[in-house]
Structures are given as C-alpha cells and as structure tokens.
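> Sequence first, then the predicted structure, then my questions.
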Amino acid sequence: MLFDWKVLDDQYYHKTFLYHMDWNIDSLQNVHLSVAKNGGPIAVIRNEKNHLGIKNKSLKTDIIIYNMSGRLLHQVQWNDHSKIVSMNWTLLDVLVVVIESGFVHMIDLRNNHDIFSLGKEAKEAGILECKFYKYGLVAMTRDYKFILMEFNSRIPTVYCNTDLFEYPHSWCLIEENHVPDVLIACQERMIRLGLTDKGNITISNKSFGFLCVSSDNNLIAALDMKKMLIVYDMSFNEVMSVEVEYDNFPNQMMWCGSDAVVISWDDYFYLIGPTGNFIKFDSSTKPSALLCDAYENFEKQLGKTDEIIRTILPNLTEAVDECIEAALHDMDVDSQAKLLKSASFGKSYLETYNHSKFVKACQVIRILHNLRNEDVGMFMTFTQYDSCGFGNIIERLIERNLHLMAIKISQFIKHPVDKIVMDWACQKINCNDEDHQVYNTIVSKLSQTPLSGISYSEIAKIAFSKGKVNLAVLLLDHESNLCEQIPLLLSMNKDKLALEKALNSLDADLIYLVIFHAKINNSLSNFLNIINSLPLAGRLLENFYKETDYDLLKDYYYQDDQRWNSAMLLIEESYNCAEVKERIAKLKSALSIIRQDKSISFQTKIINNFIKLLLFQNQIDADFNHASIVGLSLHDTLVKLFEMGLHSRANRLKNDFNVDDKRFQRIKVSYFIKFQKFDELEILLQSKSKNLFIQHGAVNDLMGAKRYDLAFHYSSKLRTPHFAKNILKICINDPGYISDSVDLAFKHKNRDLLESLFQLTTNSTIRTNIQNKLNTL
C-alpha cells in the first residue's frame, strides 16, 4: 500500500490539507496575521501599507480572532494607532501585540486586556523588530539595542551593548537556558549576545541572510548570500552544507522539527535533510508498510496475506507499533483508519501484545478529530498534543468557552471535570439572567455531573465579587464545608444566616467566632436583634460572659433590657458581700431594676421578703452576740431560733412572714426530736392530735432518729392509711415489735398488715398466731 509520503534520508514527510478557511480574506498579504501553536487561534488585523482586497471592513479597527478553520472566535476593538511591529501567542492562547512605540498589549480570548511598557529605551528609540520564545519576547529597538521581557514578570531588561550601527542581516534566539541569548548576523561575523556579555563569532567570507535555531537548540541553520545553506552546532562547527538553487531570495527559513530545514518562497519550498539531500518520492519496504499491504490483500482476498505475515513475523510487534505511531501522526482520516485497521489486524497474530497502547492511540485520535473539527478549529498534530499535555488543551477549550467539548473529552478518558464545571459555573454568573434562574441552572448541572472536588463556596465567591449577593447566598446553601461557607457569609454581611449555620454545626468555636464578628461589625441594635432571634446564641453568649467577665454580662443584660437577669446578677453578687448592709444594698439595687416590671411582681415580693429576713437575722446577731444566722433560709432561721430558745422571736418571725401554722408546728416537732425534748413533743402532739400532718411528720422524724419505741407508740394512735405502712417500716428496722404489731393489726382488723407481718417473720410461734388471727377475721 502506497501513501502520499515523501522520504528524506530516514524520515518521512507529508503535506496535509487541513481546512477550507471560512473567512472573508482574499490575500494574506493584506493583513498582519499570527497563528498560535498547537492548534491555537489565528489573530488578524489590517496591514496599514496594503489593505486592499479585504471584504471584512471591520479589520480597519479591530483585531479579529479566528479558530484554525477560519470561524470567528472573538473581536477585539483596536484603538492604538501606533504601528504593529509583531504579534504572537503564548502557550495559553493569550495574544501578544508589540507596537512601535514600545508598548505591549496582552489580550486573552475573554477580552481581558493588559498593557505594559518595554521600558525607557524602547519608548525613546521605538521598536523595530520582535521575536518570541516560550516565556517571553526579545525586541530590537531602532538604535539596535535588544530588550528582554518575560510575560510573567513584565520587567524589561536590556541586553549588553551590541555596537551595531546598521540593521543586521538576520537574528534569532537561542533558548539554551530560561533566558535566551540573541544570535545576530551582520556583515561577515555573528554576535552571540547575553544579558551580561557578548561573544563575536567571525566566519570568513560569509554574510548570512537567514538564521534559525532547531527546536531542540542543538543546531543553527544559516543561509548566506551565496545560496549556501550551512548547519552549525552550538560551538559553530560546521555540520553540513549544501548549495540551494533559487532565483529570488527566500521569504522564510525554519526548521521542521530537528531533522530538516524548510526554505520557502511564494509558490514552493525546499525540505533539506541532514545529509544535504532534497526531498524525493520513495516507497517503503519497512515491516509496517508490508503489514499495511498484508491487510489490504486480506481485504481484497488476494491470497498473499499469509506470505507477507510470515515475512515480517519476527518484526510484527515493531510493525504494529509503527502503524499505531503513524496513525497518531497522520492527519488524513482515511489513512488513519487504514493504519489502525492494519495494526489491529497485525496484533491478532500476536499472543502477548499489550493492547492498551492501541486503545490509548484510538482515544487520542478521536480527541484530535474533535479538536480539529471546524467548529472548534484547534488543529494540532499528535506531537503538539503530546507536548501541550491534556491539561493545557482543556484549559484552552475552557478559555474559548467550549465547556461542553472539554467535559465530553475529559469524561471520554475518565479525567476529572471539576475544574471545567467550575469555570462554566463562573461564566454563567457573568450573564445577565435572573439570580434564581442562574442558581437553578448551576445546581442542576452540578447535580447531574459526577464530581469529587467541586466547591460551591468558590462559585459563590465569584458571584459575590460580581455583586450578585443573593445568588452567592443561594449557592452557599449547597456548600457542605462550614469552614468555607461561614466566613464567606460573614464577608457578605450575612451575619444572621452565618450564625444560623454555625448553630446547626454545634461547633462552639465556630459559633463564638460568628457572634463576636457580628458584635464588632453591627450596630448594637442590629446585633441584639440577631442574638434575640436565635435564643441558643443568646444563651451561649451569656454562658461565655459568666465564665469570663461579669461586667460584660451586665452590659449585655442592660443593653438588651433583660431586667430580671440584670437583677439576678446583683442578687448573686449579694451573696459574696461580707457585710449585711452591702448585701442589702445589692438587693435594693436589684429591686430598683425590676420594680417597674409588673410581669415579675412575684420575684419582687421574694426579694423584699429576703431583705426583711436579712434585717431580722442581723438584729438577732446584734442582740445575741453574733448568733451567726445571717444568710440562713426562713426554715433554718426558725430552727435556729428554737435551738436558741427564742420561741417568742420565732412566733414573731412566723407572723411577719405569714408562715403556715402546720409548717411552723412541723418545724417545732423536728426541733423537739433532734434535741430529745420528748415531754414538749408529747404536749405538742396532744394539742395537735387531730392534725394528721404533724402526727405523721413526728412518726417519720422519730423513725429517722431510730426512736422506734416512740414511733410505734404514736403510730398506734394513727387512723390514717399511713398507719400500716409506718408499723411495717418499724418492724423491718426492729423485728422486736412484730409480736405487738400483730396484736395491734388484729385489733384494727387490718388483714393486709397481718399478711405482710406473716411474710416478714420467720418465727413459727408468731406465724401460727398470725394464721389463727387471720382465720378468725
């Protein structure tokens, strides 16, 4: 099978048709034109010297950017009237325009436009010519100085003096290091110019009209005025020379890779190989070519397939690999299909061939076909694709707003699409649609796309930066990371919403962060409104102030008009006062705060009573040599008065505080039992024989004091439901009362008590007695 390839030495070359250009430009002589590498865009602007033949009149004022098929991508209004010296593209498809006045314009596909100067020397002398390299450019001024500018730093640096007084015949850049050297051809010498030094290279009787450096920076091609093409190494040792026949001086000379030099004229070009041979036609008998022939015979059923396969069988793996490699580099779809089918046919004869190489090649070719499509217009070779890297290609698609294409290509090779979707979402934000519509579109798209590292907070930041606060808030509601969500809400002055989110997180540190941010950045009234609308936040703030600063807590209660809480702080402080007068003063201050609030009248009464009790206790301390009753409760004060024998004072206190008589007598009973005043107890209980509350309380206190004899005595007189319970409790604590309790239960005809006593005792005599009594009931 023969293909339209030309062989030069051991390399094959092929001229490929790419596109019919879909633009209104008749002649490229009428325009300034710059084509980006690796399938990048094409920038076109009118040539001021010759603008005839241009149908698109907008070129008079605009830079028009096309894709590689001539489809319009973008139009940049060009208002700078200075002469354009040169145009070129960066690796990320940013157009660089150098103008004569010494300024550089950088314009991306989204119309972000930066302008910077090449420095004082460029401004004074003007720019004559410019050449570009990977990281920047080198400009030659009209007084033959050379200025370096890196795209990232944008700081102009002047090369050392050239001593040139006339326009050089040719010059080019040598990129051996990050900073290129300038190679200049003038008269019969060359100058290699660095930032800090220069070297003169004298070559006898040679005056070069063209210089160019190979892509690997190992060789220099020089075309002299006597039609000799000479190739030097970097030490300027001659590697090869060949005479080139031509009538008119060439338009351009450049390297094709690092193997051949292309010299072009208006209507033709030469391709000169490393041995000096010109390009020529030749067929190939390599194993890969024979494999293609074998497949073609197989398809046509010519019967020579097996014979060819047997011939190349020792080199069949190599043949398959070469067919795959050729398919990657070929740009004709039919040729690619034949090469891939031949490779597939050949590997079917191999048992151990690694099929992943074939699969990957098919994937890459499919991607390249999509990139080469006229609608995309990023025509690139496989070598360019490989050198760019997949990530760079995706970024360039994103820059062109071809997000769908970028997503489909990424998903095709199972590459993450998070970055693409993020950029798409950010571009959506820039449109003028209503916020809810944009929000629904973004959320719908993100929910349908399998993502791993998507950040709604990043999208929300973009929305906020564009002034779309409501959209940012809506998007943030989908952010799962609160540490990303809440700070952004705070920066948007959405303090209440941020506090709600923080409270839901139950993260105390995060909650306090939001609370104190809100306190600093809001007026007092707004801050209190936020806190009061979220009760949990208010309680947390109170707890914090209680543990750290009582004065701040007072201020908070006062500012928020929390009267009862303010009063409670004063009441708590009163307990820490050593002097009664100070304590009473604190309590009176608390009263003054809450007195006007009718909703807490009950608390007001309690504080008044507390003050009255303190005054009474203080008087007792004064009258009886520091009896130490200040601070006791009303109950304990009565007990203390009984202990001190101050019964009249106790009665007065009872009357002053309207103590219920039952409660008062109950306190007396407890006092009599505690201090074993059983005669007084007997008198009191006889006088209150009908008061079951006092009687029953006395029995309980006696059992608590382990006076079971008296407890049994008084229990036997009770006629309440507590009678049986008290008797049983006494018998459990002191079994000696079981026998008497049996008689008492029988007397009261209490069958339940008899049965409980029967279960309680193990004494057979008592059990028999109980059984007999039960039988008679």
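Received, thanks.
> Would you confirm that residue 669 contacts residue 684?
Yes - contact status for residue 669 versus residue 684: in contact at 6.6 Å, counting by C-beta atoms under 8 Å. (Glycine included, C-beta is placed from N, CA and C.)
> So which of these two has more stuff around it?
residue 669 (22 against 18; other C-beta atoms under 10 Å).
> what stretches of the stretch 451-600 of the chain score poorly on pLDDT?
For the stretch 451-600 of the chain, applying pLDDT under 70 flags the ranges 451-453, 546, 549, 558-561, 565-566, 569-570, 573, 589-590, 592-593, 596-600.
> Show me where it has its strands.
Counting by DSSP state E, counting those that start in this stretch, no segments of the stretch 451-600 of the chain form strands.
> Show me where it has its helices.
Read by DSSP state H, counting those that start in this stretch, the stretch 451-600 of the chain holds these helices, from start to end of the chain: 456-465, 469-476, 482-491, 495-505, 508-521, 524-533, 535-548, 550-559, 563-574, 580-594.
> got any residues that touch both of residue 669 and residue 684?
Taking C-beta atoms under 8 Å, 6 or more residues apart in numbering as the contact definition, residue 669 and residue 684 share the neighbouring residues residue 694.
> Around residue 18, how many other residues sit close by?
Other residues near residue 18 number 13, with proximity taken as other C-beta under 10 Å.
> What's the separation between it and residue 328?
Separation of residue 18 from residue 328 (C-beta to C-beta, to the nearest Å) stands at 17 Å.
> Tell me the gap between the helix or strand harbouring residue 253 and the middle of its chain.
Following DSSP states H and E, the helix or strand that holds residue 253 is strand 252-256. Counting by C-alpha atoms, centre = their mean, to the nearest Å, strand 252-256 is centred 47 Å from the centre of its parent chain.
> Parallel or antiparallel, list what pairs with the helix or strand following it.
Moving toward the C-terminus from strand 252-256, the next helix or strand (DSSP H and E) is strand 260-264. Its sheet considered, strand 260-264 pairs with strand 252-256 (antiparallel), strand 269-272 (antiparallel) by DSSP bridges.
> Just the buried positions in strand 260-264, please.
For strand 260-264, burial by neighbour count (16 or more other C-beta atoms under 10 Å) applies to 260-263.
> just to revisit the earlier point, okay, the strand holding residue 253 in PDB with CA atoms only?
Taking Å, rounded to 0.1, in the frame of the first residue of the first chain, the C-alpha atoms of strand 252-256 are listed here in PDB:
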ATOM      1  CA  GLN A 252      11.400  32.400   5.200                       C
ATOM      2  CA  MET A 253      13.600  29.700   6.600                       C
ATOM      3  CA  MET A 254      12.700  27.500   9.500                       C
ATOM      4  CA  TRP A 255      13.400  24.100  11.000                       C
ATOM      5  CA  CYS A 256      10.900  21.200  10.500                       C
END
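> Stretch 307-321: end-to-end distance?
Separation of the first and last residues of stretch 307-321 by C-alpha to C-alpha, to the nearest Å is 20 Å.
> can you list contacts of it?
Residues outside stretch 307-321 that contact it (C-beta under 8 Å, 6+ apart) are 286-288, 290-291, 293-294, 297, 343, 346-347, 349-350, 353, 357-358.
> buried set for it?
308-309, 312, 315-317, 319-321.
> swap in stretch 345-353?
345-347, 349, 353.
> Would you pull up how far it lies from the middle of the chain?
When C-alpha coordinates are averaged (C-alpha atoms, centre = their mean), stretch 345-353 and its chain have centres 48 Å apart.
> Output it as PDB, nothing but the C-alphas.
The C-alpha trace of stretch 345-353 is given here as PDB (Å, rounded to 0.1, in the frame of the first residue of the first chain):
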ATOM      1  CA  PHE A 345      -5.000  -7.000  12.000                       C
ATOM      2  CA  GLY A 346      -1.400  -7.500  12.900                       C
ATOM      3  CA  LYS A 347      -1.800  -7.700  16.600                       C
ATOM      4  CA  SER A 348      -4.300 -10.500  16.100                       C
ATOM      5  CA  TYR A 349      -1.300 -12.700  15.200                       C
ATOM      6  CA  LEU A 350       0.500 -11.700  18.500                       C
ATOM      7  CA  GLU A 351      -0.400 -13.600  21.700                       C
ATOM      8  CA  THR A 352       1.400 -11.300  24.100                       C
ATOM      9  CA  TYR A 353       0.800  -7.800  22.600                       C
END
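> hmm, back to that, I'd like the buried residues of stretch 307-321 laid out as CSV, including distance to residue 242 and secondary structure.
Rendered in CSV, the data for these read as follows (distance: C-beta to C-beta, whole Å; DSSP: H, G, I helix; E, B strand; the rest coil):
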residue, distance to residue 242, secondary structure
308, 38, helix
309, 41, helix
312, 35, helix
315, 33, helix
316, 38, helix
317, 37, helix
319, 33, helix
320, 37, helix
321, 33, helix
